[in-house]
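Peer 1: Make a model of this:
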Amino acid sequence: QVQLVESGGELAQAGGSLRLSCAASGVTFSSFGLGWFRQAPGKERAFVGYISWSGTRTYYAESVKGRFTISRDNAKNTVYLQMDSLKPEDTAVYYCAAVLYGTINWSREKEYNYWGQGTQVTVSS
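Peer 2: Below is the predicted model of the structure:
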């Protein structure tokens, strides 16, 4: 059974930092590209970033570029989202997702095979 479990979401101050984790089980982790998405209140879920199966390629939404960093530890079956210089508009439920063998359409939700349950990030001004 495939499971992706996010953690690390909490209340943070604007300008602060958080690191989200997503632990995978039931998959050959190194075979998957991994994406982060977020859904703000009243809005559709949106792409945040993506890391290739090897970890050598990353891509980010313009809104987070330069502030967020994705990394992965294949030995720990875990992907991370380091969020710096947080803004109130970063408030959302953050989801990780996995796509077998990776994808070039990293921003498309339908590309992903598995999703986590989400973790809430709230940024206060």
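Peer 1: Please name the residues that touch residue 31.
Peer 2: For residue 31, the contacting residues are 53, 100-101, by C-beta atoms under 8 Å, 6 or more residues apart in numbering. Heads up, the C-betas are built off the backbone N, CA and C, glycines and all.
Peer 1: for this protein, which spans come out with low pLDDT?
Peer 2: Along the chain, no part satisfies pLDDT under 70.
Peer 1: For ChimeraX, write the selection for the buried entries among the contacts of residue 31.
Peer 2: For the buried members of those, the matching ChimeraX selection, counting by 16 or more other C-beta atoms under 10 Å, is:
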select :53
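Peer 1: Skip the chain neighbours and tell me the closest residue to the spatially most central residue of the chain.
Peer 2: Nearest residue to the geometric centre of the chain (C-alpha atoms, centre = their mean): residue 36, 2.4 Å. Excluding the flanking residues, the one nearest residue 36 by C-beta to C-beta, 6 or more residues apart in numbering is residue 48, at 4.2 Å.
Peer 1: Likewise for residue 13?
Peer 2: Nearest residue to residue 13, sequence neighbours excluded (C-beta to C-beta, 6+ apart): residue 124, at 5.9 Å.
Peer 1: how many neighbours does that neighbour have?
Peer 2: Using other C-beta atoms under 10 Å, the number of residues around residue 124 comes to 11.
Peer 1: how about it, what does it touch?
Peer 2: By C-beta under 8 Å, 6+ apart, the contact list for residue 124 reads 11-14, 88.
Peer 1: ok, 7 Å please
Peer 2: Residues near residue 124 by C-beta atoms under 7 Å, 6 or more residues apart in numbering: 11, 13-14, 88.
Peer 1: tell me the contacts of residue 95?
Peer 2: By C-beta under 7 Å, 6+ apart, the residues touching residue 95 are 6, 37-38, 115-116, 118.
Peer 1: Buried only: go through these for me.
Peer 2: 6, 37-38, 115-116, 118.
Peer 1: Out of the residues you listed, the closest to residue 30 would be?
Peer 2: Within the buried ones among the contacts of residue 95, distances to residue 30 taken as C-beta to C-beta reach their minimum at residue 116, with 18.0 Å.
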